[in-house]
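Engineer: Can you look at this prediction? I've put the sequence above it.
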Amino acid sequence: MSVPEDCSINPRSNFRVALIGLGAVAEPHLIAYQALGINIVGVVDPRQARRDEIAVRYKVSAYPSIDSLLREAKPDIACILTPASTHRHLTEQCAAAGTHVLCEKPMAVTLEDARAMSSVCERARVAFFYGSSYRYLPALMEARRLIVAGTIGTVRLITEQMIGGKGSDAFTPMSAVHYPDGGPGGGGYGLVDHGIHMLDVFPWLCDSPITTIVGRGDRTGTAPRAESVLMTFGSGALGTLLYDGSTFPSELPSEGAYSEARQWLDGRGWMGDTGQWDGAPGTLRVYGSAGSLRILHYANKLFLNDRSGPREIHISYGTAPWHFGTQLAAFLDSLIHDRPPPTSADDGLRALSALLAVYASEESGQWQPVAPHPEVLQSHSPSAVTQRWRRL
């Protein structure tokens, strides 16, 4: 697979990159990285058959343990693509080896673990990059540019809903391997595993933090329900999420979209073909005082409606799985120029704090504040940043 000519990602092949965990999302990462000329020095997974399969398919060295990977491959960066419950332990091992970390969402399953991950990287002077890959989808990047430019005026409301499936009998939740029994869990397109993206992307889009939140979410080991979130931002805007993967969609075929992007295929990752009709594409809607945006983030389409009428906005190349490459390139550039990662542990903590506040609100029956954590969410001077992340 090669990078099209209009893809502006700049490869950084001098960095040694490793992948930890070879689940479905690992292959799209590998495809994007190798197409950019990134130097993949190793992958690791406890399943020998999976290691062998990936090693042959992508011509990479495979290791049976994180210890052997870090010791023998000596990566500069490790991409942690494992279930969230393992993130703390793996981050601690990487930090101890002096290896920078790119960690998939959610950052952890508890705030205690997330704070520990941030602290251990701080002490080891390695960079921690929070894998909020949706920020690197072209439709969302262009939407943010338009919002910052004032194209739709002051943001008043942001919404996303993903409702569908094949009924409750066919619903398959994420297992306790991913999210512990009794704790926040649910389906792959539910609040925990998908909505965590929106709890980061929404405040990023409107450039204002979540201040209060209320809602309800599924738990691992319990029957699926409709999940909902209502959030307020410091700017006064509202945000809503509505999910249910255990019913049937109500969209009509003509309400879909011709997709310019690959689609997620269960068990395979971002491996579909472009140019397919999607009857119910993932959609964000942003309403402002002077216009509105409809963002089809997977289909790679963007629509603007204002006084001039509705129209489609051209989107550049770089959608799934290329956004994983864009994400890693942003991390590499921050290391090269001694800057903080553009999505850091602070962002992961904020998103996780908002997620857990939803569950606290259901237990209390009250709105919950979403406040920063001063011991972690603190500013850094340029000189401190340079000393904190200087290694390569």
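Structural biologist: Sure, I can see it. All values derive from a computational prediction rather than experimental measurement.
Engineer: For this protein, which segments count as helices?
Structural biologist: Taking DSSP state H to define them, one finds helices in the chain at 26-35, 48-58, 66-68, 87-96, 111-124, 138-148, 196-206, 322-336, 345-364, 382-389.
Engineer: Switch these over to CSV; also include mean neighbour count and mean pLDDT.
Structural biologist: C-beta here means a position set from N, CA and C on the backbone, and glycine is covered the same way. Output for these, formatted as CSV (neighbours: other C-beta atoms under 10 Å; pLDDT from 0 to 100):
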stretch, mean neighbour count, mean pLDDT
helix 26-35, 22, 92
helix 48-58, 14, 96
helix 66-68, 15, 96
helix 87-96, 21, 98
helix 111-124, 19, 97
helix 138-148, 20, 96
helix 196-206, 25, 97
helix 322-336, 22, 92
helix 345-364, 22, 96
helix 382-389, 14, 32
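Engineer: now for those, which one comes closest to Met162?
Structural biologist: helix 196-206 (9.8 Å; C-beta to C-beta).
Engineer: May I have that closest one exported as CSV, CA atoms only?
Structural biologist: Written as CSV, here are the backbone C-alpha positions of helix 196-206 (Å, rounded to 0.1, in the frame of the first residue of the first chain):
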residue,chain,number,x,y,z
ILE,A,196,-14.7,8.7,25.1
HIS,A,197,-13.6,10.1,21.7
MET,A,198,-16.4,12.6,21.7
LEU,A,199,-15.6,13.7,25.3
ASP,A,200,-12.3,14.8,24.0
VAL,A,201,-13.3,16.0,20.5
PHE,A,202,-16.3,18.1,21.6
PRO,A,203,-14.4,20.5,23.8
TRP,A,204,-11.6,20.5,21.2
LEU,A,205,-14.0,21.6,18.5
CYS,A,206,-15.5,24.4,20.5
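Engineer: thinking again about what came up before, want to try TSV for the helices of the chain, with distance to Ser175 as columns?
Structural biologist: Shown next, in TSV, are these (distance: least, C-beta to C-beta, whole Å):
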stretch	distance to Ser175
helix 26-35	17
helix 48-58	16
helix 66-68	21
helix 87-96	16
helix 111-124	19
helix 138-148	29
helix 196-206	17
helix 322-336	24
helix 345-364	19
helix 382-389	35
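Engineer: Quick one, which of those helices gets closest to Asp306.
Structural biologist: That would be helix 138-148 among these, by C-beta to C-beta, at 10.2 Å.
Engineer: Next, the angle from the closest one to helix 196-206.
Structural biologist: Put simply, helix 138-148 runs at 30 degrees to helix 196-206, going by axes from the mean of the first three to the mean of the last three C-alpha atoms, to 10 degrees.
Engineer: Name the residues that touch helix 138-148?
Structural biologist: 134-135, 152, 155, 201, 204-207, 284, 286, 288, 293, 295-297, 299-302, 304, 313, 315-319, 323 (C-beta atoms under 8 Å, 6 or more residues apart in numbering).
Engineer: Gly190 and Arg219 touch, don't they?
Structural biologist: No: Gly190 sits out of contact with Arg219 when judged by C-beta atoms under 8 Å, with a separation of 10.7 Å.
Engineer: and Val214, what does it touch?
Structural biologist: Val229, Leu230, Met231, Val358, Ser361, Gln366, Trp367, Gln368.
Engineer: redo that, cut-off 10 Å
Structural biologist: By C-beta atoms under 10 Å, 6 or more residues apart in numbering, Val214 lies in contact with 228-232, 357-358, 360-362, 364-368.
Engineer: Equivalent analysis for Asn14, please.
Structural biologist: Counted by C-beta under 10 Å, 6+ apart, Asn14 has contacts Ile38, Asn39, Asp76, Leu332, Ile336, Leu392.
Engineer: Would you quantify the distance from Ala330 to His323?
Structural biologist: Per C-beta to C-beta, to the nearest Å, Ala330 is found 10 Å from His323.
Engineer: From Ser364, how far out is the residue most central in space within the chain?
Structural biologist: For the chain, Ser132 is the residue whose C-alpha lies nearest the centre (C-alpha atoms, centre = their mean; 3.1 Å). For Ser132, the distance to Ser364 (C-beta to C-beta) stands at 28 Å.
Engineer: The nearest residue to Ala223 once chain neighbours are set aside: what's it in contact with?
Structural biologist: Among residues not flanking Ala223 along the chain, Ser168 sits closest, at 7.5 Å (C-beta to C-beta, 6 or more residues apart in numbering). Going by C-beta under 10 Å, 6+ apart, Ser168 touches Ala223, Pro224, Arg225, Asp244, Gly245, Ser246, Thr247.
Engineer: Narrow those residues to those in strands?
Structural biologist: Among the contacts of Ser168, the members found in strands (DSSP state E) are Asp244.
Engineer: any idea which of the contacts of Ser168 is closest to Ala345?
Structural biologist: Distances from Ala345 to these, taken by C-beta to C-beta, are shortest for Gly245, at 29.4 Å.
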